[in-house]
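**Q** Task: produce atomic coordinates for the following.
(2 chains)
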Amino acid sequence: MHIAEGYLPPVHAAAWTVVAAPFVVHGARAMVRQVREDPDSKLLLGAAGAFTFVLSALKIPSVTGSSSHPTGTGLGTVLFRPPIMAVLGTIVLLFQALLLAHGGLTTLGANAFSMAIAGPWIGYGVYRLTRRFGLSIAVFLAAMLADLSTYCVTSVQLALAFPDPVSGVVGSIAKFGGIFAITQIPLAVAEGLLTVLVVRLLVRNSPKELLRLGVLRRRDETTTPATPQESRP
Amino acid sequence: MSRFSRINLLLVALVVIIVAAPLVLGLGRGEEPFSGADAQAETGITEVAPAYEPWFSSLFEPPSGEVESGLFALQAALGAGVLGYCFGVVRTRRRLQGERDDVEDPTPPESDRAA
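**A** Model (predicted):
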């Protein structure tokens, strides 16, 4: 989903930067507040950022014969909500733009919007809607759709900047969607499963933190594995 | 093996299968099988708008593919290292917590402790 450096016309690049900036600024304030009010959550914050770092570095082959990378934003979205994920995701994109020539500074706004803002918010919406069916199901769907929707947003961004001369924006969405979205489906499923695994391990090992973050609720404790002192009222 | 561990192993196995299947089945196509979708999008742009010239280039470009893959490996290693540290901390914390509770309050040890 990384739109390469210089590959968005200046007007588009500027517009996406303007759109993304408030989310990142708001997210940075939310993150400072989170760390101040709950210093113990720093550990999981690091874990969420690290998860994105790992997953977005891995280029994975897909059934379409090309390869692409997951986003890893589902975990941070579920644990810390989308505003904080906007900051973590943007940091990862900045690292890749500066050191790996992957993505770019001029396209940072557009890439941040797709990976760190739109994906997490869509994933979070799905998470809230499906949370009552169980934590694992909600986490799986949130992570999978955060990943997949990121690539759909990228396709739309490219289509808006480069409408097909004949079939227009719609034709371009189909073109770029064919490159990105189909490739991404199996990767998104894999990311969903991996995120469920990490959340399961956290539920087992760190239930108090998850309760405090609101990921676990009191009534979940009878159905989720918790430490002995947690399972008593 | 506890049910908890079995499900975790199943999740790992599924991820491995999803990732490995395209390689095992040889689904790669074109001159460079499994080329990056990001690079394909760049090609797509030049197809739709042949006249478009990128107006800005990266400040730093890894001088070779080897250096680039090294930096990607570094990124993954940093992430995996931090993630492993975090899991080590929460797991150890839980164990110490459990031992303390065992002393204060004779609860039966968790059945999954050995998992």
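**Q** can you pull out the helices in chain B?
**A** Ranges of helices within chain B are B:3-24, B:37-48, B:65-104, based on DSSP state H.
**Q** where does the most centrally placed residue in chain A land on pLDDT?
**A** Nearest to the mean C-alpha position of chain A, counting by C-alpha atoms, centre = their mean, stands residue A:73 at 2.4 Å. Looking at residue A:73, its pLDDT stands at 97.
**Q** Just checking stretch A:200-215 against chain B, any contact.
**A** Yes - Stretch A:200-215 comes into contact with chain B (C-beta under 8 Å from any C-beta of the partner chain), by way of A:200, A:201, A:202, A:204, A:205, A:206, A:209. For the C-beta atoms, the positions are set from N, CA and C on the backbone; glycine is no exception.
**Q** Tally up the residues packed near the closest residue to the fifth one other than its chain neighbours, please.
**A** I take that to be residue A:205. In space, and not counting its chain neighbours, residue A:205 is closest to residue B:90: 4.3 Å by C-beta to C-beta, 6 or more residues apart in numbering or on different chains. Residue B:90 has 21 neighbours, counted by other C-beta atoms under 10 Å in any protein chain shown.
**Q** and residue A:61, what are its bridge partners?
**A** residue A:67 (DSSP bridges).
**Q** Among the residues of stretch A:200-215 next to chain B, find the one with the greatest number of neighbours, please.
**A** residue A:206 (26 neighbours).
**Q** What backbone torsions are found at that one?
**A** Main-chain torsions, residue A:206, degrees, to the nearest 10: phi -140, psi 50.
**Q** you'd agree residue A:194 is up against residue B:11?
**A** Yes - between residue A:194 and residue B:11 there is a contact under C-beta atoms under 8 Å: 7.3 Å.
**Q** Now do the shared contacts for these two.
**A** With contacts taken as C-beta atoms under 8 Å, 6 or more residues apart in numbering or on different chains, residue A:194 and residue B:11 have no neighbour in common.
**Q** quick one, which of those two is more surrounded?
**A** residue A:194 (24 against 21).
**Q** That one and residue B:12: what is the separation?
**A** Distance of residue A:194 to residue B:12, given as C-beta to C-beta, to the nearest Å: 8 Å.
**Q** and if you look at residue A:111?
**A** Taken as C-beta to C-beta, the span from residue A:111 to residue B:12 is 29 Å.
**Q** Can you tell me the closest non-neighbouring residue to residue A:15?
**A** residue A:109 (7.9 Å).
**Q** Please list all residues in contact with residue 59.
**A** I went with chain A, as the question did not name one. Going by C-beta under 8 Å, 6+ apart, residue A:59 touches A:67, A:68, A:69, B:36, B:72.
**Q** sorry, should have said chain B
**A** Listed by C-beta under 8 Å, 6+ apart, the contact set of residue B:59 reads A:98, A:105.
**Q** What confidence value was assigned to it?
**A** Model confidence at residue B:59, expressed as pLDDT, equals 85.
**Q** Now the phi/psi pair for it, please.
**A** phi -70, psi -40.
**Q** cool, and residue B:2?
**A** According to degrees, to the nearest 10, residue B:2 has phi -70, psi 160.
**Q** how near is it to residue A:198?
**A** Distance from residue B:2 to residue A:198, counting by C-beta to C-beta: 18 Å.
**Q** Against residue A:83, how distant is residue A:202?
**A** According to C-beta to C-beta, residue A:202 and residue A:83 sit 20 Å apart.
**Q** what number of residues lie near residue A:185?
**A** Residues contacting residue A:185 under the criterion other C-beta under 10 Å number 16.
**Q** so it makes contact with residue A:148?
**A** Yes - at 6.7 Å, residue A:185 and residue A:148 qualify as touching, with contact defined as C-beta under 8 Å.
**Q** Could you list the low-pLDDT ranges of chain A?
**A** The model of chain A has pLDDT under 70 over residues A:219-233.
**Q** Quickly check: the host helix or strand of residue A:128 near chain B or not.
**A** Following DSSP states H and E, the helix or strand that holds residue A:128 is helix A:119-130. No - Helix A:119-130 lies out of reach of chain B by C-beta under 8 Å from any C-beta, never closer than 15.6 Å.
**Q** Can you pull out the residues in contact with that helix?
**A** Contact partners of helix A:119-130, identified using C-beta under 8 Å, 6+ apart, comprise A:71, A:73-74, A:76-78, A:81-82, A:85-86, A:89, A:137-139, A:141-143, A:145-147, A:149-150, A:153.
**Q** Pull up the distance across stretch A:5-12, start to finish.
**A** Across stretch A:5-12, the terminal residues are separated by 13 Å (C-alpha to C-alpha, to the nearest Å).
**Q** And that stretch, what's buried?
**A** Across stretch A:5-12, burial judged by 16 or more other C-beta atoms under 10 Å in any protein chain shown covers A:5, A:6, A:7, A:8, A:9, A:12.
**Q** can you pull the contacts of the fifth one?
**A** This points to residue A:9. Applying C-beta under 8 Å, 6+ apart to residue A:9 gives the contacts A:161, B:52, B:55.
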